[in-house]
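K.L.:
could you look at this predicted model? Sequence included:
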Amino acid sequence: FGFILLIRGIKFHLKTKRASLVFDNLVFKIPLIGRIVHKAILARFAMTLNVLLATGIPLLESLDMVEKMVGNAAVAKVIKDAHVQIVRGSKIAGALKMSDKFPPDVIQMIAVGEETGSLDKMLAKIANFYDTALNVDIKTLTAFLEPVFLLIMGIVVSFLMFSIFIPLFNMIQAVKI
């Protein structure tokens with residue numbers, strides 16, 4: 001019962017903006033998993049913004065939609081701050097450059113897309129790159145986890161085996177005497 005209350009309390013607490021921002025920033029710091037989450041968010045950001053811009057939706061409206069769809073409070077805050085900077089006259093690459101959530105290669109490709117007028121095509125390239133990198137990282141993670149799960153299963157099976165056979169051996173010794 002206490003465990004269920006703890007989980008409910010954490011879920012309730014994570015619904016607040018401040019707690020979700022802290023949690024989402026911490027997720028990026030988890031080894032291997034943080035990198036996978038970051039690449040998934042970048043791929044989702046680029047693909048969603050690409051689709052919205054390609055269909056003719058203005059940049060500011062597109063950013064509002066992407067902010068809600070990105071699925072991470074820390075990145076959503078960066079997008080919201082970028083929206084404010086763009087309204088003030090900044091370019092999207094310059095606005096996103098102010099955070100550490102967007103790598104320099106993404107910023108550079110967005111800047112090139114803005115300069116050439118093909119931002120949607122550059123966003124598609126970014127999305128494809130990070131989607132491919134995400135698949136590689138997921139395969140690496142599963143290759144790492146397979147032996148770990150085999151070891152855990154071996155320990156569980158060994159424990160079950162010993163818990164069955166030790167009382168059996170004790171009974172056999174008791175019968176011999």
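P.N.:
Structure received.

K.L.:
against which helices or strands is the longest helix seen in the chain packed?
P.N.:
Using DSSP state H, we find that the single longest helix of the chain is helix 119-176. Applying 3 or more Cβ pairs under 8 Å, 6 or more residues apart in numbering; DSSP states H and E, one finds that helix 119-176 contacts helix 33-54, helix 104-116. Quick note: C-beta positions are derived from backbone N, CA and C, even for glycine.

K.L.:
could you identify which of those helices is most buried?
P.N.:
helix 33-54 (a mean of 20; mean count of other Cβ atoms under 10 Å).

K.L.:
which one is the residue positioned nearest the centre of the chain nearest to, not counting chain neighbours?
P.N.:
With distances taken as Cα atoms, centre = their mean, the residue of the chain nearest its centroid is residue 37 (1.8 Å). In this structure, residue 37 finds its nearest non-sequential neighbour in residue 27, 5.4 Å apart by Cβ to Cβ, 6 or more residues apart in numbering.

K.L.:
list the contacts of the one you found.
P.N.:
Contacts were defined as Cβ atoms under 8 Å, 6 or more residues apart in numbering; by that measure residue 27 touches 33, 34, 37, 72.

K.L.:
coming back round to it: can I get the helices and strands packed on helix 119-176 in CSV including mean pLDDT and distance to residue 172?
P.N.:
Formatted as CSV, the helices and strands packed on helix 119-176 follow (pLDDT from 0 to 100; distance: least, Cβ to Cβ, whole Å):
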stretch, mean pLDDT, distance to residue 172
helix 33-54, 93, 48
helix 104-116, 92, 68
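
K.L.:
which one, of those, ends up nearest to residue 155?
P.N.:
helix 33-54 (22.9 Å; Cβ to Cβ).

K.L.:
tell me which residues are up against the closest one.
P.N.:
By Cβ under 8 Å, 6+ apart, the list of residues contacting helix 33-54 reads 27-28, 30, 59, 61-63, 65-66, 69-72, 75, 79, 101-103, 106, 119-120, 123-124, 126-127, 130-131, 133-134, 137-138, 141.

K.L.:
now, of those, which are buried?
P.N.:
27-28, 62-63, 66, 70, 72, 75, 79, 101-102, 106, 119-120, 123-124, 126-127, 130-131, 133-134, 137 (16 or more other Cβ atoms under 10 Å).

K.L.:
quick check: residue 35 vs residue 147, distance?
P.N.:
As judged by Cβ to Cβ, to the nearest Å, residue 35 and residue 147 stand 20 Å apart.
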